[in-house]
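J.: This is a predicted model, with the sequence first.
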Amino acid sequence: MKKRKIRFSLKTTYILCAVVMAVVTCLVYYFSFDARIKVMACTGNYYYTDAQIYDMAKVNSASRSLLTPGFLVERRLESDPLIQSVTVKKNGDQISLDVEEKTVIGYFVKEGKNYLLTNEGEQIELNEKYLKSIIHFPLMSDFTDQQLENIWKEFKKYPELLTRDVVEKIAEMVPYQSSYDANMIKMTMQDGNVVFTSVSDLMMMSRYKDMLSQLRGQSVCLVLDAQNSTINKLDCAYLNMSLEEREQMRKEEAAKKKEEEEQRRREEQQRKREEEEKKKAEENAENGSSSAEENTDQESQDEPVQPQDPEEESTDEEDWIYMPDSGLMYSASQNIYWDQASGVYYVWDDASGFVEIQ
């Protein structure tokens, strides 16, 4: 039996040679050290570490540059719910990943599961992949769905003020009710301080570093007031008092303030009298007249003390303190209230409440 010889045309031979050369080239490239990615860089990541980003992108030192297209890396990373967008740049054996992550406000518990809340209102279920990032945002306890919506909308409204740096300083956020605002927020900071604010005043948290200079003493809290652009310092125990207890405390502070003013006035009068006596004694000594000296001393002792004109009393700006239960400023020395917005003054009457001063 004769064997049949397989003959290829010249064109077919060229094609087969090209295919063999391409396969050999690919094998040489794949196993070549120069084909691997040698330099990896990651920027913009905040919640995720560089290693976590590379792992999600499936990029490592064993990856081949030509076999790792940029669009595929972007698609892998952008499939993560915490990543907003990714830009991949390649240059030979180098690859750089520029990551933009979403801003997380905090995490909360719902139906036995933990969820992350972003400033876009997204609720992302918290799994093991995010556990290392949980230190970056606060626990949000006991908020209703409507309250959570109001909070994330405020963060979305002021992205340049309510940044990740602000969020990272907060350890816990819980709802708080006052007599004039039932939807306030109590924030316990990472440094142990406590801040009270309404949802509309959250943007003032960007000034938290400036607030720290006001936190002196023990058990001190801050109340944010964006309407008047003020930060009011209060004793934390005051916020837990009833209206009757707060009114009693104001009366005690007013009485104490008045007593201190009287004591300071008496001391000032005594000091002036001693100075006058000393001055007259020096004048008598210069004249060498002992009888004149005795008469002068007697006159100075018999001279009645002139009370200080009340109009000359200096007003201390620190005398006005902010009352969060009423939203008014209070002067302990004058025992009156002041509405900064309208400029109207009030006095407190136990029977009828606040009474406008005509």
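T.: That came through, no problem.

J.: For this protein, which segments count as helices?
T.: Taking DSSP state H as the criterion, the chain contains helices spanning 10-30, 50-57, 70-78, 145-157, 164-168, 208-211, 243-287, 290-302.

J.: Using TSV, lay out those helices together with distance to Gln94.
T.: C-beta here means a position set from N, CA and C on the backbone, and glycine is covered the same way. Output for those, formatted as TSV (distance: least, Cβ to Cβ, whole Å):
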stretch	distance to Gln94
helix 10-30	17
helix 50-57	14
helix 70-78	12
helix 145-157	36
helix 164-168	28
helix 208-211	38
helix 243-287	65
helix 290-302	93
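
J.: mind putting these in TSV, mean pLDDT, distance to Tyr130 and mean neighbour count included?
T.: As requested, these are arranged in TSV below (pLDDT from 0 to 100; distance: least, Cβ to Cβ, whole Å; neighbours: other Cβ atoms under 10 Å):
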stretch	mean pLDDT	distance to Tyr130	mean neighbour count
helix 10-30	69	36	10
helix 50-57	88	10	17
helix 70-78	89	15	15
helix 145-157	92	18	16
helix 164-168	88	15	16
helix 208-211	73	25	14
helix 243-287	80	43	13
helix 290-302	51	81	12
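
J.: And those helices: which comes nearest Gln340?
T.: Among those, helix 243-287 comes nearest to Gln340, with 17.8 Å by Cβ to Cβ.

J.: And that closest one, what does it pack against?
T.: Judged by 3 or more Cβ pairs under 8 Å, 6 or more residues apart in numbering; DSSP states H and E, helix 243-287 is in contact with helix 290-302.

J.: related to what we said a few turns ago, what's the closest of the helices of the chain to Ala351?
T.: Between Ala351 and the helices of the chain, the shortest gap by Cβ to Cβ is with helix 243-287, which sits at 12.5 Å.

J.: Between the helices of the chain, which one is closest to Asp339.
T.: Closest of the helices of the chain to Asp339 is helix 243-287, at 16.3 Å (criterion: Cβ to Cβ).

J.: follow-up on the earlier one: which one of the helices of the chain lies nearest to Ser342?
T.: For those, proximity to Ser342 was assessed by Cβ to Cβ; helix 243-287 is nearest, at 20.8 Å.

J.: In contact with the residue nearest the centre of the chain, which residues?
T.: What sits nearest the mean C-alpha location of the chain, by Cα atoms, centre = their mean, is Met205, with 3.5 Å. Taking Cβ atoms under 8 Å, 6 or more residues apart in numbering, we find Met205 in contact with Leu161, Leu162, Val166, Ile170, Met187, Val195, Thr197, Leu224.

J.: before we move on, back to that, and of the helices of the chain, who's closest to Leu139?
T.: Among the helices of the chain, helix 164-168 comes nearest to Leu139, with 11.8 Å by Cβ to Cβ.

J.: hang on, Ser206 packs against Lys169?
T.: No: contact criterion Cβ atoms under 8 Å: Ser206 and Lys169 do not qualify, at 10.6 Å.

J.: about what we covered before: any chance of the contacts of Met205 in TSV with distance to Lys11 as columns?
T.: Shown next, in TSV, are the contacts of Met205 (distance: Cβ to Cβ, whole Å):
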residue	distance to Lys11
Leu161	71
Leu162	69
Val166	71
Ile170	74
Met187	78
Val195	81
Thr197	80
Leu224	82
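
J.: which one of those residues is nearest Glu275?
T.: Nearest to Glu275 out of these is Leu224 (Cβ to Cβ; 47.5 Å).

J.: Next one: the residue nearest to Val166 when sequence neighbours are not counted from Gln177, what distance?
T.: Leaving aside its chain neighbours, Val166 sits nearest to Met205 (5.1 Å; criterion: Cβ to Cβ, 6 or more residues apart in numbering). From Met205 across to Gln177, the span is 20 Å (Cβ to Cβ, to the nearest Å).

J.: same thing with Ile53?
T.: Taking Cβ to Cβ, one finds Ile53 at 43 Å from Gln177.

J.: And Val59, by the same measure?
T.: Remark: distance between Val59 and Gln177 (Cβ to Cβ) = 51 Å.

J.: When these two are compared, which one has more neighbours?
T.: The neighbour comparison of Val59 against Gln177 (other Cβ atoms under 10 Å) goes to Val59, with 21 against 10.

J.: Compute the first-to-last residue distance for stretch 149-164.
T.: Length of stretch 149-164, first residue to last, Cα to Cα, to the nearest Å: 18 Å.

J.: Off-centre distance for it?
T.: In terms of Cα atoms, centre = their mean, to the nearest Å, the centre of stretch 149-164 is found 12 Å from the chain centre.

J.: repeat for stretch 49-58
T.: Centre-to-centre, stretch 49-58 and its host chain are 30 Å apart (Cα atoms, centre = their mean).

J.: Contacts for it next, please.
T.: Residues outside stretch 49-58 that contact it (Cβ under 8 Å, 6+ apart): 40, 42, 45, 48, 60, 73, 76-77, 80, 97, 99, 129, 132.

J.: Are any of those residues buried, and if so which?
T.: Neighbour counting by 16 or more other Cβ atoms under 10 Å classes Met40, Cys42, Asn45, Tyr48, Val73, Leu77, Asp80, Leu97, Val99 among the contacts of stretch 49-58 as buried.

J.: Who is the first one paired with across the strands?
T.: What that stands for is Met40. Counting by DSSP bridges, Met40 forms beta bridges with Ile95.

J.: mind checking pLDDT for it?
T.: pLDDT, Met40: 82.

J.: what residues are up against it?
T.: The neighbours of Met40, taking Cβ under 8 Å, 6+ apart as the test, are Asp50, Tyr54, Val59, Asn60, Ser61, Gln94, Ile95, Ser96, Leu97.
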